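1. Need coordinates for the following:
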Amino acid sequence: MSDKPLRPMDNSQDRIHMPFIAASLLFGVLGGFSLATSLPVEALAGSLDVSWVAHAQVHGHLQVVGFATLFVVGMALKLAPRFGGRAISPPGAARWLLWLLVGGLVGRTFGQPLAEVTPFGVLTLAGAALESAGAGLFLVLVIAALSEAVRDRQPFALLIVGAAFAFLLQSVLGLWWLSEMVAERRTILGTLENAVLLHLQFFGVLLPAILGVGMRSFPTFFGRKPPGALAGSLVTWTALAGIGLWTTGGVLTATRPGDWWQWSVLGQTLAGASVLGAILVVGPWRTPSRLAKASKGLGWAIHPAVLWLAATGVLLFGTGLQSMLAREATDSATLDAVRHLFGIGAVTLAIVGMAQLILPEFASERLVRKPGGWRGPFFGTALSVAAILRGVVLLVGLEGDQRWWAMTVAGILGWVAVAVFGVLVWRAVRSHRDYLERLRQARAQSPQPARP
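-> Below you'll find the model as predicted:
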């Protein structure tokens, strides 16, 4: 499918994504990845108390919503108009969206660890309410921008809208359960409730977003035809059905007695199957033949991201089948390892790789200077090793201090990789501004055609 021409839109939307990306990197470097490094160090020192658990839950929210989802929101605001042919409207809504989401994250981050104290409990709930309002606004904006593609049942549009809906759903559920937590003067969410939110954030928001953008963009990168209507629809509806069943089973398990684990396991299995199906129909294991010469080195980041995405699909599908045969829910330690393997190896690596291929700031930078060939191998290696230490090592049953050391090293590698990416984004933005200014000056100095 070729890109539809955009309807007239304000030039300010050219940079609509950058505030979200900047905020995402700040939350990742100063919050999510920093806590990923400090929390296991505290565990090694024996500080495993209620405060540690509260900060661990804040870490998860900062990592998934503050870093990854905020980055996805920025990319969606940039790509949805190109994919759907409609500008984000009204233009000022993006500014409101940014402040709602940033305010929500700040409120949750500083409020939850002290939520038993009334002012901090209020701050926690205010943050959750702001996040819910922002998620609702994001869903409206995405549906409006992709309305024509949704009516045409384009797989990428259905998946991206599904991700936006899941973002709203987890925000509303979070507001509900955080309200109960504050009312009971607790600082941590229940294990079941927190698990539902994490699964919904990872596999309800991030997974369909990656599948949607991947099925839309990867055929271009790898010189493949887009997925056929039947294959694309099968992958899309399998993913959405799996996420729906998994979420329903988790919510029912957390809120009422009953044997609801079958719903969650079936949803988990279908989600894994959709990942494997998407990889088969897109074929991203091939050489990225359509990339420009200056961008080919980033294939060293894209291919490992696809590998970790495939590993996620295999693990979700395989452990789901195993749980069905054993007639029990998949254990939480396995799902925690899979979440981190997916979050570090697939999501973070896809963010740093795809952003350098898609964002105009990096495109204009390549016109000014040739990017170093170290980028793809560096990100691919650092984040793959982090995924192994945080996910794979735990799957094989590493325990004790060795487990915490592995998590610490993984956190450091993730922090360094995202910090380096942040520096590259900053350089690209400066280069882009210089490029646009030179282009403006060149146009101003060029002779204008005489008017009749």
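
2. Can you list the buried residues in stretch 385-400?
-> With burial defined by 16 or more other CB atoms under 10 Å, the residues of stretch 385-400 counted as buried are 385-395, 398. Placement of C-beta: from N, CA and C, glycine included.

3. can you give me the end-to-end distance of that stretch?
-> With CA to CA, to the nearest Å as the measure, the ends of stretch 385-400 fall 20 Å from one another.

4. In stretch 211-219, which of the residues would be classed as buried?
-> For stretch 211-219, a neighbour-count test (16+ other CB under 10 Å) marks 211-219 as buried.

5. From the buried residues of stretch 385-400, pick the one nearest Arg433.
-> Closest approach to Arg433 among the buried residues of stretch 385-400 (CB to CB): Ala386, at 32.2 Å.

6. secondary structure element for that closest one?
-> Element membership for Ala386 (DSSP states H and E) is helix 375-387.

7. So which elements touch that helix?
-> Helices and strands touching helix 375-387, by 3 or more CB pairs under 8 Å, 6 or more residues apart in numbering; DSSP states H and E, are helix 299-326, helix 349-358, helix 400-445.

8. Quickly compare the ones you listed and say which is most buried.
-> Ranked by mean neighbour count under mean count of other CB atoms under 10 Å, the helices and strands packed on helix 375-387 are led by helix 349-358, which reaches a mean of 24.

9. I'd like the C-alpha coordinates of it written as CSV, please.
-> Extracted in CSV, the C-alpha atoms of helix 349-358 (Å, rounded to 0.1, in the frame of the first residue of the first chain):
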residue,chain,number,x,y,z
LEU,A,349,16.3,-2.5,20.3
ALA,A,350,13.4,-1.8,17.8
ILE,A,351,13.1,1.7,19.2
VAL,A,352,16.7,2.6,18.8
GLY,A,353,17.0,0.9,15.4
MET,A,354,13.7,1.9,13.7
ALA,A,355,13.9,5.5,15.0
GLN,A,356,17.3,5.9,13.2
LEU,A,357,15.7,4.6,10.0
ILE,A,358,12.4,6.4,10.1
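
10. what's that helix packed up against?
-> Using 3+ CB pairs under 8 Å, 6+ apart: helix 349-358 touches helix 70-84, helix 207-221, helix 299-326, helix 375-387, helix 400-445.

11. where does the stretch 151-300 of the chain dip in pLDDT?
-> For the stretch 151-300 of the chain, applying pLDDT under 70 flags the ranges 220-224, 283-295.

12. Using CSV, write out every CA atom in stretch 250-261.
-> The C-alpha trace of stretch 250-261 is given here as CSV (Å, rounded to 0.1, in the frame of the first residue of the first chain):
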residue,chain,number,x,y,z
GLY,A,250,-6.3,-11.8,34.3
VAL,A,251,-8.9,-9.3,35.4
LEU,A,252,-11.4,-12.0,36.4
THR,A,253,-8.6,-13.8,38.3
ALA,A,254,-7.8,-10.6,40.2
THR,A,255,-11.4,-9.6,41.0
ARG,A,256,-13.5,-12.7,41.6
PRO,A,257,-12.9,-16.3,42.6
GLY,A,258,-13.0,-18.9,39.9
ASP,A,259,-10.8,-21.0,37.6
TRP,A,260,-10.1,-18.3,35.0
TRP,A,261,-6.5,-19.2,34.2
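
13. Residues touching it, excluding its own?
-> Stretch 250-261 has contacts (CB atoms under 8 Å, 6 or more residues apart in numbering) with 173, 190, 192-193, 195-196, 199-200, 249, 263-264, 323, 328-329.

14. Generate JSON lines for those residues, with secondary structure as supplementary columns.
-> Shown next, in JSON lines, are those (DSSP: H, G, I helix; E, B strand; the rest coil):
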{"residue": "Leu173", "secondary structure": "helix"}
{"residue": "Gly190", "secondary structure": "coil"}
{"residue": "Leu192", "secondary structure": "helix"}
{"residue": "Glu193", "secondary structure": "helix"}
{"residue": "Ala195", "secondary structure": "helix"}
{"residue": "Val196", "secondary structure": "helix"}
{"residue": "His199", "secondary structure": "helix"}
{"residue": "Leu200", "secondary structure": "helix"}
{"residue": "Gly249", "secondary structure": "helix"}
{"residue": "Trp263", "secondary structure": "helix"}
{"residue": "Ser264", "secondary structure": "helix"}
{"residue": "Ser323", "secondary structure": "helix"}
{"residue": "Glu328", "secondary structure": "coil"}
{"residue": "Ala329", "secondary structure": "coil"}
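
15. Now the helix holding Ala386: average pLDDT?
-> Computed over helix 375-387, the mean pLDDT rounds to 95.

16. what is the orientation angle of it with helix 299-326?
-> With axes from the mean of the first three to the mean of the last three CA atoms, to 10 degrees defining the directions, helix 375-387 sits at 30 degrees from helix 299-326.

17. what about Arg186, is that helix, strand or coil?
-> Classification of Arg186 using three-state DSSP returns coil.

18. Just checking the distance from the helix or strand hosting Leu137 to the centre of its chain.
-> For Leu137, the enclosing helix or strand under DSSP H and E is helix 118-145. In terms of CA atoms, centre = their mean, to the nearest Å, the centre of helix 118-145 is found 17 Å from the chain centre.

19. quick one: buried residues of the following helix or strand past that helix?
-> Where DSSP H and E defines the elements, the next helix or strand beyond helix 118-145 is helix 147-151. Buried positions in helix 147-151, judged by neighbour count with 16+ other CB under 10 Å: 149-150.
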